[in-house]
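Visitor: when you get a sec, could you give me coordinates for this:
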Amino acid sequence: MTTALLPAPEPGLLLRLTGPLQSWGLHSHFNERDTAAFPTRSGVIGLLASALGRHRDHPIDDLTALHMTVRTDRPGVLLRDLHTVGGGLPGKATVTTAEGKKRPGDTGTLLTHRYYLADAAFTVALTTPTTTREDHALLDQCADALRAPRWALHLGRRSCPPEGPVLIGQSDDALHHLIHLPLAAHPARDAENTVVEFLADRPLTHLPAPDHMVSDTNHDGTRPSSELNDQPLSYHPSRRAYRARPLYRRTLLLPRAQFAGLGTRQLTALGHYLNTQLNTTEGSRR
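Guide: Next comes the predicted model:
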């Protein structure tokens, strides 16, 4: 049996997106604020723009050219938060309508539902398939900004700060490390290998997965499983715009030893990996 040739290495950044709450809005509208089950392109690119200190009317074409691949370490639990707005106030202090009037009587209180992912953890690779000087300069600039962000970073919504540093490292073979980095999760009970989901904005045949990690599922990453309207064109407050892009899913069987648990155990395993693998891999840099 011959082993398939692995895809060419791609330079990129590795991010750790974890915290008590995350919220990656997709269809949020007025009083209903939803969340996707994973980080969206618009949310992650917005996080980069915030780290770089770009205002909402600044161009983002260079950032949107980066590819994004997400590894789901822990999917988290969907949480709904109920808010009331305008209740118990005198008429002139209640919520203003679109016509500029005040809501009368029992319509003065609005209910809003906001959804979050609680206790979720994702590892993300932002990569470029080309290796021009401009590509490397952009990755270097983004890495520096994530180490010392200009503005506060958040996981989709401003009320959702990350639990620690977002940047794991920078590598000339980011997708290899995306597969092999320790997971922030416990292994499945009595299982040598556990199925882990990867999501991307292009066919996941580009993942350099060894043959023994390939799982026999319906999601092999060759065809889009759905379409998301989360490719940002502009964050301008009055001209915010997005376009649709395909979503690809693929599952791999990751070994039990790669599941590092939670808290300090996972951070210790991550630090050991960085010191023994990422920093010593030829052409890689932290």
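
Visitor: CA only for contacts and neighbour counts going forward, please
Guide: Will do.

Visitor: against residue 133, how distant is the spatially closest residue to residue 146 that is not a sequence neighbour?
Guide: Excluding its sequence neighbours, the residue lying closest to residue 146 (Cα to Cα, 6 or more residues apart in numbering) is residue 51, at 5.6 Å. Plainly put, residue 51 is 21 Å away from residue 133 if you go by Cα to Cα, to the nearest Å.

Visitor: who's more crowded, those two?
Guide: A count of neighbours by other Cα atoms under 10 Å puts residue 51 above the other of residue 51 and residue 133, at 23 against 8.

Visitor: return the distance of the host helix or strand of the more buried one from the chain's centre.
Guide: Secondary structure assigned from DSSP states H and E places residue 51 in helix 41-52. A distance of 10 Å separates the centroid of the chain from that of helix 41-52, by Cα atoms, centre = their mean, to the nearest Å.

Visitor: now stretch 214-230: mean pLDDT?
Guide: Stretch 214-230 shows a mean pLDDT of 86.

Visitor: what does that stretch contact?
Guide: When contacts are defined by Cα atoms under 8 Å, 6 or more residues apart in numbering, stretch 214-230 is touched by residues 26, 40-42, 195, 203-205, 242-253.

Visitor: show the buried residues in those.
Guide: Burial of these was assessed by neighbour count (16 or more other Cα atoms under 10 Å); the buried members are 26, 40-42, 195, 203-204, 245-253.

Visitor: next step: the residues you listed restricted to helices.
Guide: If you go by DSSP state H, the buried ones among the contacts of stretch 214-230 have 41-42 in helices.

Visitor: residue 142 and residue 37, how far apart?
Guide: Spatial separation of residue 142 from residue 37 under the definition Cα to Cα is 25 Å.

Visitor: the stretch 51-200 of the chain: strands as residue ranges?
Guide: Under the criterion DSSP state E, counting those that start in this stretch, the stretch 51-200 of the chain carries strands at the ranges 67-74, 77-85, 110-118, 121-127, 167-171, 193-200.

Visitor: just checking the distance from the first one to the centre of its chain.
Guide: If I follow you right, that is strand 67-74. Chain-centre distance of strand 67-74: 6 Å, with Cα atoms, centre = their mean.

Visitor: for the fifth one, same thing?
Guide: Mean-position distance between strand 167-171 and its chain equals 14 Å (Cα atoms, centre = their mean).

Visitor: next: the second one.
Guide: A distance of 21 Å separates the C-alpha centroid of strand 77-85 from that of its chain, computed with Cα atoms, centre = their mean.

Visitor: and stretch 156-170, by the same measure?
Guide: The gap between the average C-alpha position of stretch 156-170 and the chain average comes to 10 Å, counting by Cα atoms, centre = their mean.

Visitor: over to stretch 240-255?
Guide: Relative to the centre of its chain, stretch 240-255 is centred 10 Å away, using Cα atoms, centre = their mean.

Visitor: same question, stretch 220-237
Guide: Centroid separation for stretch 220-237 versus its chain: 13 Å, with Cα atoms, centre = their mean.

Visitor: distance between the ends of that stretch?
Guide: Using Cα to Cα, the end-to-end distance of stretch 220-237 comes out at 38 Å.

Visitor: now swap in stretch 15-33 and tell me
Guide: The first residue of stretch 15-33 is 25 Å away from its last residue (Cα to Cα).
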